[in-house]
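> Structure, please.
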Amino acid sequence: MPHTKIEQRIYELRRQIQLHNHHYYVLDAPQIPDAEYDKLFRELEQLEVENPHLITADSPTQRVGATPLQEFAEVMHTIPMLSLNNALDSHEMEEFDRRVRERLALDTIEYVAEPKMDGLAVSLRYEDGVLMKAATRGDGTTGEDVTHNIRTIKTIPLRLLNNPPQLLEVRGEVFMTKDSFTKINQQHAETGERIFANPRNAAAGSLRQLDAKVTATRPLSFVCYGVGVIEPRFEYETYYSILQQLKQYGLPISQYLQTVVGIEECEDYQRRMSEQRDRLPFEIDGVVYKINSLAYQNQLGFVSRAPRWAIAYKLPPQEVLTQVVAIDIQVGRTGALTPVARLEPVAVGGVTVTNATLHNIDEIHRKDVRVGDTVIVRRAGDVIPEVVRVLVERRNGDTPQFEMPSECPICGSAVAREDGESVARCTGGLFCSAQQKQAVAHFVSRKAMNIDGLGDKLIEQAIDSGLVKTLADIYSVTREQWASLPRMGEKSADNLLRALDKSKATTLDKFLYALGIREVGETTARILATHFGQLEKLQNATVEELQEVQDVGIVVANNIYTFFRQLHNLEVIAQLQQSGLQWQEVEITATKTAESAPFAGQTFVITGTLHNMTREDAKVKLLALGAKVSDSVSKKTSYLIAGEKAGSKLDKAQALGVKILSEEEFLQLLIV
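Numbering: from 1, shown residues only. Below you'll find the model as predicted:
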């Protein structure tokens with residue numbers, strides 16, 4: 001509590017301003033005129049200028065933004081931010097309702113319904129009521145630290161009201177209203193700045209600004225829809241009650257939130273949202289239904305990356321008419337030839353569409369798409385626009401049927417189509433510049449090796465100039481060679497070399513994903529890394545052994561097996577490792593069960609700096625041995641691993657009597 005008169009006045013001003021912010025931005029019911037609010041705010045600003053040592057992170061004056069960040073740090077979600085399964089029509093919604101009723105042995109289910117906002121999912125972490133950390137959803141396991149930017153959003157309280165729990169993680173959506181979107185695009189048009197395609201892109205782009213002062217100028221809003229970690233846990237029986245409690249803490253929840261009972265009321269709610277869709281102040285792409293009872297939620301549990309107790313009922317996508325101007329061929333990084341319809345520009349769901357995927361030649365023939373045709377184009381959410389149907393009655397003349405080329409349009413190599421496959425592929429391999437460029441672009445992307453500064457234009461220049469012929473070459477290009485490329489220079493070359501050097505410390509799953517093996521995405525790469533633990537074991541695995549891995553079928557197994565049997569791939573991997581790429585290979589037994597794991601049932605917290613490994617490496621080792629790894633210390637914590645410069649977590653662990661391990665003791669503990 002404050003002691004001096006100045007501290008008391010600052011405390012009182014912050015309390016009053018916070019309360020007025022809540023009434024103004026969340027409740028939409030201001031209690032004082034703007035002039036009176038401004039007077040309070042200016043007084044607080046002046047006192048903080050005169051007493052800078054009293055400025056705190058939760059002060060209302062700190063929303064203006066901080067020093068621009070060099071890059072976004074990664075944040076591991078203690079509890080994953082899961083996706084939702086979709087219902088695309090009433091039949092799929094009815095099937096979802098039937099499944100949960102049968103599993104729970106109930107005649108009817110009570111759901112909580114709310115609009116599915118078209119924004120950016122984030123997690124907010126409050127400690128003792130103060131906003132301490134904010135992160136994007138990312139891949140569900142790891143997100144980006146956007147704390148500085150989140151602080152600028154006025155609908156998000158920096159300090160919670162009414163005695164919040166010691167630790168509270170709030171999940172919600174950052175979005176931009178339709179009016180705000182229109183205004184910001186008008187402003188950008190006047191100043192010659194970039195025009196946003198839709199409100200979601202505007203919100204995402206605004207939140208991911210490296211300079212929080214830029215975010216502060218963008219009219220972003222927030223609504224919360226759930227919670228993550230809570231300590232101590234809420235004593236509530238329903239999801240609806242939790243959301244109402246969040247509202248009491250000063251957090252905004254959807255004003256369209258409603259409980260519904262049974263499939264008929266679900267359908268009625270969906271119809272009403274569909275009718276209101278164009279009149280809503282924000283964009284939505286569906287309705288979310290969650291079982292209200294927390295006990296039933298726990299009973300149903302999760303499947304893959306989604307809960308069994310929730311579903312997103314997608315609203316019908318918008319469809320428009322336009323004309324096919326041309327059909328072009330794109331060559332992907334795996335050599336796949338994909339036909340793309342070039343369209344007369346048309347607005348669909350707030351986005352101007354000029355291209356639509358045609359998937360493959362079978363799809364073109366099935367729909368009988370031809371150049372000059374009038375077609376119905378559909379866009380649903382962020383899904384790539386597609387041609388739904390051709391209006392054959394509007395076709396002029398005898399337009400020839402489209403056929404795939406026999407030669408690659410990029411390198412001239414023969415095009416082949418394997419039996420049973422719908423995709424035609426260029427046989428040029430590494431000789432095809434399109435495959436080289438896209439393979440390198442995939443390798444350096446954020447979710448792969450995350451090499452900042454090596455964009456598409458620079459990759460194209462490096463390949464066209466002959467500096468880069470394989471993935472490994474990007475690490476052997478010299479400073480002078482990078483600097484010699486157009487619009488680079490020495491400073492840009494230095495920054496790129498630092499990014500390349502930083503990328504050499506990676507993880508096995510990211511490296512596997514970066515290699516671009518056909519049909520091996522992030523999730524499959526992570527499963528493979530966990531199952532085999534070491535690259536050598538994966539390289540030597542048979543097709544049968546690969547099929548023993550969770551979610552790896554015969555097609556994916558053959559792709560992986562073939563990839564590691566090609567000499568040029570092994571040579572590139574060897575060159576990459578010789579360039580300094582490394583990761584911590586954890587010895588993991590694929591058949592080890594959670595119950596038999598050495599650290600099953602034990603919770604670890606890692607703090608401070610470790611010298612023999614990164615904290616992420618330590619976490620991987622612990623998870624492999626069955627442990628849970630948390631970001632916060634509590635009475636349930638089994639061990640705190642304290643590295644150099646351990647801070648408040650160490651103090652808290654000592655106060656709670658949690659067993660503390662030095663890095664050396666931790667390494668000894670790993671010898672199990």
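> C-alpha only now, for contacts and for neighbours.
Noted.
> which residues of the stretch 1-150 of the chain fall in helices?
5-21, 34-50, 90-104, 147-150 (DSSP state H, counting those that start in this stretch).
> out of the ones you listed, nearest to residue 376?
Closest of those to residue 376 is helix 90-104, at 22.8 Å (criterion: C-alpha to C-alpha).
> That closest one - contacts with which helices or strands?
helix 262-276, helix 294-300 (3 or more C-alpha pairs under 8 Å, 6 or more residues apart in numbering; DSSP states H and E).
> Other residues contacting the shortest one?
Helix 294-300 is touched from outside by 100, 103-104, 237-239, 291, 307-309, with contacts defined as C-alpha atoms under 8 Å, 6 or more residues apart in numbering.
> Got a quick PyMOL command for the buried subset of those residues?
Isolation of the buried members of the contacts of helix 294-300 (16 or more other C-alpha atoms under 10 Å) is achieved in PyMOL through the command below:
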select buried, resi 100+238+239+291+307+308+309
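> Can you give me the neighbour number for the closest residue to residue 54 other than its chain neighbours?
In this structure, residue 54 finds its nearest non-sequential neighbour in residue 48, 6.6 Å apart by C-alpha to C-alpha, 6 or more residues apart in numbering. Using other C-alpha atoms under 10 Å, residue 48 has 19 neighbouring residues.
> Under a three-state scheme, what state does the residue located most distally from the centre of the chain occupy?
Within the chain, residue 397 marks the point farthest from the mean C-alpha position, 47.5 Å out by C-alpha atoms, centre = their mean. Secondary structure, DSSP: H, G, I helix; E, B strand; the rest coil: residue 397 is coil.
> what is residue 424 paired to in the beta sheet?
Per DSSP bridges, the residues bridged to residue 424 are residue 337.
> Run through who's touching stretch 502-521.
Contacts for stretch 502-521 (C-alpha under 8 Å, 6+ apart): 333-334, 439, 442-445, 447-451, 522, 525-529, 533-535, 556, 559-560, 563, 580-585.
> helix/strand/coil for residue 189?
Criterion first, three-state DSSP; result for residue 189: helix.
> Chain neighbours aside, what residue packs nearest to it?
residue 195 (6.7 Å).
> Which residues are in contact with the one you found?
With the criterion set at C-alpha under 8 Å, 6+ apart, residue 195 makes contact with 185, 188-189.
> Nearest to residue 362 among those residues?
Among these, and counting by C-alpha to C-alpha, the member closest to residue 362 is residue 185, at 40.2 Å.
> Quick check on residue 508: phi, psi?
Backbone torsions of residue 508, given as degrees, to the nearest 10, read phi -60, psi -40.
> That one: how many residues sit nearby?
22.
> For the most centrally placed residue in the chain, give its distance to residue 533.
Nearest to the mean C-alpha position of the chain, counting by C-alpha atoms, centre = their mean, stands residue 138 at 2.3 Å. According to C-alpha to C-alpha, to the nearest Å, residue 138 and residue 533 sit 24 Å apart.
> Next: residue 478.
Distance from residue 478 to residue 533, by C-alpha to C-alpha: 33 Å.
> With residue 290 instead?
37 Å.
> Repeat that for residue 399.
Taken as C-alpha to C-alpha, the span from residue 399 to residue 533 is 56 Å.
> the more surrounded of these two?
residue 533 (21 against 11).
> mind listing what residue 182 touches?
Residue 182 touches nothing, counting by C-alpha under 8 Å, 6+ apart.
> what's the answer for residue 525, then?
Per C-alpha under 8 Å, 6+ apart, neighbours of residue 525: 509-510, 512-513.
> Inside helices: which ones of these?
Members of these lying in helices (criterion: DSSP state H): 509-510, 512-513.
> Show the buried residues in those.
Buried among the ones in helices among the contacts of residue 525 by 16+ other C-alpha under 10 Å: 509-510, 512-513.
> With distance to residue 162 added, can I get these in a markdown table?
Compiled in a markdown table, those are given as follows (distance: C-alpha to C-alpha, whole Å):
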| residue | distance to residue 162 |
| --- | --- |
| 509 | 43 |
| 510 | 43 |
| 512 | 48 |
| 513 | 46 |
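> Where does pLDDT dip in the stretch 301-450 of the chain?
304-305, 316-319, 349-350, 380-383, 419-420, 428-431 (pLDDT under 70).
> quick one, helices of it?
361-367, 433-444.
> Using TSV, please lay out these together with mean neighbour count and distance to residue 108.
Shown next, in TSV, are the helices of the stretch 301-450 of the chain (neighbours: other C-alpha atoms under 10 Å; distance: least, C-alpha to C-alpha, whole Å):
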stretch	mean neighbour count	distance to residue 108
helix 361-367	15	41
helix 433-444	23	47
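> So which of these is nearest residue 352?
helix 361-367 (22.8 Å).
> Run the chain-centre distance for the closest one.
Relative to the centre of its chain, helix 361-367 is centred 33 Å away, using C-alpha atoms, centre = their mean, to the nearest Å.
> can you give me the helices in the stretch 501-650 of the chain?
508-514, 522-532, 535-539, 543-547, 554-563, 567-578, 615-624, 648-656.
> got those helices as TSV, with distance to residue 604 and mean pLDDT columns?
Shown next, in TSV, are the helices of the stretch 501-650 of the chain (distance: least, C-alpha to C-alpha, whole Å; pLDDT from 0 to 100):
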stretch	distance to residue 604	mean pLDDT
helix 508-514	22	92
helix 522-532	19	84
helix 535-539	27	93
helix 543-547	32	91
helix 554-563	34	84
helix 567-578	32	87
helix 615-624	8	73
helix 648-656	11	89
